[in-house]
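1. Just the structure for this:
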Amino acid sequence: MPLFINEDDVDELVDMNDAIAALEEGFRYWQCEGTDNLPRQRLPLPERAFNLMAASSQELDIFGHKAYF
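-> Got it, this is the predicted structure:
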């Protein structure tokens, strides 16, 4: 089931120590087969860009996607 959150949600739900711990754990899975971290993609628009990022881990059975202007 998807979970949609915005920047205010992140500020309310995650403190810096939790974010660092999650990143450290995620980095440990980079060496596992089936883990992908796609490069950021930027789609140019007239006055700004649409940015896309995505990553997944078969080992954890999760994926995430961030899209923003």
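
2. what about Ala67, which SS state?
-> For Ala67, the assignment made with DSSP: H, G, I helix; E, B strand; the rest coil gives strand.

3. how close does it get to Pro46?
-> From Ala67 across to Pro46, the span is 18 Å (CB to CB, to the nearest Å). For every residue, glycine as well, the C-beta is placed using N, CA and C.

4. again with Asp15
-> 38 Å.

5. Looking at those two, which one has more neighbours?
-> Neighbours were counted for Asp15 and for Pro46 using other CB atoms under 10 Å; Asp15 has more, 10 against 4.

6. can you give me the helices for the chain?
-> 7-13, 16-28 (DSSP state H).

7. Reformat these as JSON lines; add mean pLDDT.
-> Putting the helices of the chain into JSON lines (pLDDT from 0 to 100) gives the following:
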{"stretch": "helix 7-13", "mean pLDDT": "91"}
{"stretch": "helix 16-28", "mean pLDDT": "91"}
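
8. Redo the ones you listed as TSV? Include distance to Met1 and mean neighbour count.
-> As requested, those are arranged in TSV below (distance: least, CB to CB, whole Å; neighbours: other CB atoms under 10 Å):
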stretch	distance to Met1	mean neighbour count
helix 7-13	16	9
helix 16-28	20	10
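
9. what would the ones you listed look like in a markdown table with distance to Ala54?
-> Compiled in a markdown table, the helices of the chain are given as follows (distance: least, CB to CB, whole Å):
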| stretch | distance to Ala54 |
| --- | --- |
| helix 7-13 | 17 |
| helix 16-28 | 13 |
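
10. Thank you kindly, that will do.
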